[in-house]
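Chemist: Turn this into a model:
(one chain, ligands or ions: 1)
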Amino acid sequence: MEDRERMEVDVLFVGGGPACLAGALHLMQVIETHNKAVESGTADGPPLDEIMVVLIEKGAEIGAHGLSGAILDPRTLRQLVPDYRERGAPIEHVVQKESLYYLSPKRKVRAPFTPGPLDNRGGYVISLSRFTRWLAGLAAEKGCELFPGFPGVEVLYDGHRVIGVRTGDKGIDKEGNRKGNFEPGVDLMAKVTVFGEGPRGSLAKQMIPKLGLDADQEPMSYLTGVKEVWELPDGAENLQEVIHTLGYPMPSDTYGGGAIYPMSGNQIALSLLAGLNAPDPFQDSHERFQMFKEHPFVRSLIQDAKLVEYGAKTVSIGGYFCMPRLAFDGGMLVGDTAGIFDSRRIKGIHLSMRSGMLAAEAALEALLRGDTSRAVLASYEESLKESSAGRDLWQARNFHQGFDRGIMTGLLNAGYGMLTGGKALANWENGKADYEKMEQVGPYHGSDEPKKPPVFDGEKTFDKVTDVFHSGTKHNEDQPCHLHVEDLSICHGRCRVEYQNPCEKFCPAGVYEMVEDENGGETKLRINFANCVHCKTCDIRDPYGIINWVPPEGGDGPKYTVM
Ligand code: SF4
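Modeler: The predicted structure follows:
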């Protein structure tokens, strides 16, 4: 019998991103408002005095795994924290000017105007890791219990009702045995559990099909974002505008583009997003990002700068038609886990925060009624649909499907959508998951010639191992590998022939390597799991769907500070 602690909580938030943090903070706010109203006799019902609101996060601290472009649309922040400026919200830059460039390999052409959805004037450039750390401070001040370093590893059910989450054990060696410092995880038994684990949540991945939340929905689509922050020398003038790019280095059959944003402290953020449905089995987002930095225009911006931090993360971009049902008995899905993203604006943080806040309001109603069934929690789905966030999601419903068919179709479809309230040029059903769209090497490249290894200069462009060093990533190596490959014989056989082991290319941290065994014999897959930056690309893009990412020991992973 396992000696495992149980802890009863009222509302459990799983994940320390903007959706759950905004939800936890807002829940504390609405409980306070309710209690004051009861005290003054303007509301019925009992006060909610000893309510326990808990948030767990797998990173060593809140923000350590937070990464985004990012330009924040401040609408939701204004409602959540009206005095956010006085309270020291970490705003890197207020957008006053922006440009959209089309890049060829050596040149740039400035678009005569920035299309409406990409107009960010008045928005804030933020670092998501700094921003979430700040939000966490506000939630803790209001009485929310935050537990960083505690990954959720198992959803607890009573039949089909979610009743909480089990956190990961600590102190297991690589063979699966308990070490001297073994500590079992805790069963957090919750009346309401809110899942905001980010894109491709490891709990949501199991739970969504089990509860049938994705019935009749399209499979989710994803991008991988690779980002670096660079610091300019003292006295150098920083950019005064935000820049978006299309074209080079993305091939025309792959959705993606670049961004360059000024930050505080004379820092500059560079990022590149690339679709995980790319047909090219050699597609490598890290390599494309290095090519982006080699473009004369981009390189001129970082000529005298030094690299501060590197990171990578996926984004759920499928949108409205891919969103699972958001409420179920005992819980709700929020943020990226729920696919809440406006692909027209390449923006999700404010929508995720809004989803967390609306989920908090539904949780309060459920607690007051003493009924946490889907029948009550479904008010969250309704209120999200009717909110400005829901309207934005509806307007963006067909946007990315056009880009799945090439950049020209994407641009035409985007223009048509802008004129028609989000309609599409055609009835495009996706039907396939991203990983099913990868083509085999021979048919795609016209030969079985292996990919030439990329060359890096070590000054502005780096190999994956050097970049991982700049992500602060650490894992205790004496623990079970958290990247579960269901059938290695596929990697060593079919995959090598058909796709030439694309995991070596698509992982932006160089985790997967095909190496000859010690005797110079067979080539086998080596998984350098300690390098994993938790981006989830492999879980999504592996063409056989046989990689399962599960959380490693709590607190391991990247240590982002300015991402
Ligand atoms: Fe991302 Fe998977 Fe590589 Fe980890 S192993 S960095 S989750 S692609």
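Chemist: Contact residues of the chain facing the ligand?
Modeler: Listed as neighbours of the ligand in the chain under the rule Cβ under 6 Å from any ligand atom: 483, 507, 509, 511, 532, 533, 534, 535, 536, 537, 538, 549. Quick note: C-beta positions are derived from backbone N, CA and C, even for glycine.
Chemist: at 5 Å what do you get?
Modeler: Contact residues (Cβ under 5 Å from any ligand atom) of the chain with the ligand: 507, 509, 511, 532, 533, 535, 536, 537, 538.
Chemist: which residues does the second one contact?
Modeler: Translated: residue 509. If you count contacts by Cβ atoms under 8 Å, 6 or more residues apart in numbering, residue 509 has them with 286, 312, 464, 467, 468, 471, 473, 531, 532, 533, 535.
Chemist: Now the phi/psi pair for it, please.
Modeler: The phi/psi pair for residue 509 (degrees, to the nearest 10) reads phi -120, psi 10.
Chemist: Now do the SS call for the nearest residue to residue 345 once chain neighbours are set aside.
Modeler: Ranked by Cβ to Cβ, 6 or more residues apart in numbering and with sequence neighbours excluded, the top spatial neighbour of residue 345 is residue 117, at 4.6 Å. With DSSP: H, G, I helix; E, B strand; the rest coil as the basis, residue 117 sits in helix.
Chemist: ok, and for the helix or strand hosting residue 135, which residues are buried?
Modeler: In the assignment (DSSP states H and E), residue 135 maps to helix 128-141. If you call a residue buried by 16 or more other Cβ atoms under 10 Å, then helix 128-141 has these buried ones: 128-140.
Chemist: so what does it touch, helix or strand wise?
Modeler: Where contact means 3 or more Cβ pairs under 8 Å, 6 or more residues apart in numbering; DSSP states H and E, helix 128-141 is packed against helix 18-39, strand 145-148.
Chemist: Identify all contacting residues around whatever helix or strand comes next after the first one.
Modeler: Translated: helix 18-39. Downstream of helix 18-39, the first helix or strand assigned by DSSP H and E is strand 53-57. With Cβ under 8 Å, 6+ apart as the test, strand 53-57 has contacts from 7, 9-16, 20-21, 24, 27-28, 31, 65, 136, 139, 143-152, 165, 167, 188, 190.
Chemist: Next: stretch 413-420.
Modeler: Contacts of stretch 413-420 (Cβ under 8 Å, 6+ apart): 115-117, 344, 395-396, 398-399, 401-403, 405, 423-425.
Chemist: Go through the helices and strands packed on helix 128-141 and pick out the most buried.
Modeler: Ranked by mean neighbour count, the helices and strands packed on helix 128-141 are led by helix 18-39 with a mean of 23 (mean count of other Cβ atoms under 10 Å).
Chemist: quick one: that helix to strand 53-57, angle?
Modeler: 170 degrees (axes from the mean of the first three to the mean of the last three Cα atoms, to 10 degrees).
Chemist: Point me to the helix or strand that includes the residue in the stretch 301-450 of the chain that the ligand sits nearest to.
Modeler: Nearest to the ligand in the stretch 301-450 of the chain, going by Cβ to the nearest ligand atom, is residue 312, at a distance of 6.5 Å. Assigning secondary structure by DSSP H and E places residue 312 in strand 306-316.
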